[in-house]
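A.B. asks: model this:
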Amino acid sequence: MPSAPSKSLETFPNPQPERDYTIRIRVPEFTCLCPKTGQPDFAELMLEYVPEQKCVELKALKTYVWSYRDEGAFHEAVTNRILGDLVEATAPRFMRLTAEFNVRGGIYTTVVAEHRAADWQPPVPVTLP
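C.D. replies: Down below sits the predicted model:
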């Protein structure tokens, strides 16, 4: 049976919950509609997160992103909504969503939204000589 758009975000257990590690997911084909004109907006989404107990399942993420194709949304609102839904589904230690929207009226827009769990501290970066 073919896939269909869905607002459902499935998860699976983090295979290494005792370790801080970063998952990076690039979604180059995000689309929604301009709420003023109804014309399509195109963006690349870059998701980075440090999971706690759950990770987002990729097919579910694909159908979730697809569900925005026919919805009108301001760039700032849709970026924060997606981040909020992902945080609600996975409860990560840290999550950042960067949405780079293509040109509209001669203007590019990039929106960066972040979530940090209250008790999480990022590890100190390792600097090699």
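A.B. asks: in stretch 68-85, which residues are buried?
C.D. replies: Under the neighbour-count criterion of 16 or more other CB atoms under 10 Å, stretch 68-85 has Tyr68, Gly72, Ala73, His75, Val78, Thr79, Ile82, Leu83 buried. Glycine gets a C-beta too; all of them are placed from N, C-alpha and C.
A.B. asks: how far off centre is it?
C.D. replies: 10 Å (CA atoms, centre = their mean, to the nearest Å).
A.B. asks: residue ranges with poor pLDDT in the chain?
C.D. replies: Applying pLDDT under 70 to the chain picks out residues 1-2.
A.B. asks: mind jotting down where the helices sit in it?
C.D. replies: Counting by DSSP state H, one finds helices in the chain at the ranges 58-66, 75-90.
A.B. asks: most widely separated two among the buried residues of stretch 68-85?
C.D. replies: The largest separation in the buried residues of stretch 68-85, counting by CB to CB, is between Gly72 and Leu83 at 18.7 Å.
A.B. asks: sorry, back to before: can I get the helices of the chain in JSON lines including distance to Pro28?
C.D. replies: Conversion of the helices of the chain to JSON lines gives the following (distance: least, CB to CB, whole Å):
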{"stretch": "helix 58-66", "distance to Pro28": "10"}
{"stretch": "helix 75-90", "distance to Pro28": "15"}
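A.B. asks: relative to Pro35, which of these is closest?
C.D. replies: Closest among these, once you apply CB to CB, is helix 75-90, at 8.6 Å.
A.B. asks: what packs against that closest one?
C.D. replies: Helices and strands touching helix 75-90, by 3 or more CB pairs under 8 Å, 6 or more residues apart in numbering; DSSP states H and E, are strand 40-50, strand 54-56, strand 94-104, strand 107-116.
A.B. asks: okay, those strands in CSV with mean neighbour count and distance to Lys62 next?
C.D. replies: What follows is those, written out as CSV (neighbours: other CB atoms under 10 Å; distance: least, CB to CB, whole Å):
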stretch, mean neighbour count, distance to Lys62
strand 40-50, 19, 11
strand 54-56, 19, 10
strand 94-104, 18, 15
strand 107-116, 14, 20
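A.B. asks: for those, which one sits closest to Leu128?
C.D. replies: Closest among those, using CB to CB: strand 40-50, at 21.3 Å.
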